[in-house]
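# Sharing a sequence plus its predicted fold:
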Amino acid sequence: MRIRAMYAVDAAGRRVPRDERTAFRATHLRPLMDEFFTWVAAARDITPGRNLATKALGYALNQEAELRRVLQSGDIPLDNTRAARASQDRGRSQGVDVLRDRHACRGGGGDLQHHRDLSAARDRSVRLLRRGPPRPAVLAA
């Protein structure tokens, strides 16, 4: 629900004039992001083991700085696909690939299957994050 609320606020923000969008996001989106990352950190601390949920939570924590970039500019879209493309376009002009897997080759010579696997893992992580934190196990007496 937290992610859905962030998308709803961003959709409302698209109707705001471009020069006011950054302030709109700071007022309305920042508190939701703060709450989301607080929840992610807490859920990660109480989620035991190494499983898809812990990987998804770890991914969200590792990407926090990049995800918060939408608060710095009203022109950066919240959606990851468009945001990644926008960042890559800016990064390429400086000779840097932003938001790229650090193991991939700059010239596109990286392993295509590896990129597909990373994309599929990211998609699974997002689906898990949308479900919410795992429920604690109840031990029978």
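Looks like it arrived, so ask away. Because the structure is predicted, anything quoted here is derived from the model rather than measured.
# CA only for contacts and neighbour counts going forward, please
OK.
# Return the distance of residue 28 relative to residue 121.
30 Å (CA to CA, to the nearest Å).
# From what I see, residue 10 and residue 26 are in contact.
No - counting by CA atoms under 8 Å, residue 10 does not reach residue 26; the two are 11.0 Å apart.
# which of these two has more neighbours?
Each of residue 10 and residue 26 has its neighbours counted (other CA atoms under 10 Å); residue 10 has more, 22 against 17.
# And the more buried one, which helix or strand is it part of?
If you go by DSSP states H and E, residue 10 is part of helix 2-13.
# do the same with residue 16
Using DSSP H and E, residue 16 is not contained in any helix or strand.
# Now for it: which residues touch it?
residue 24 (CA atoms under 8 Å, 6 or more residues apart in numbering).
# Output the helix or strand containing residue 60 as CSV, nothing but the C-alphas.
Element membership for residue 60, per DSSP H and E: helix 52-62. Extracted C-alpha coordinates of helix 52-62, given in CSV (Å, rounded to 0.1, in the frame of the first residue of the first chain):
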residue,chain,number,x,y,z
LEU,A,52,13.4,-13.4,-1.5
ALA,A,53,11.8,-11.1,1.1
THR,A,54,15.2,-10.3,2.7
LYS,A,55,16.7,-9.8,-0.8
ALA,A,56,13.9,-7.5,-1.8
LEU,A,57,14.2,-5.5,1.4
GLY,A,58,18.0,-5.3,1.0
TYR,A,59,17.5,-4.1,-2.6
ALA,A,60,15.2,-1.4,-1.5
LEU,A,61,17.6,-0.2,1.1
ASN,A,62,20.5,-0.3,-1.3
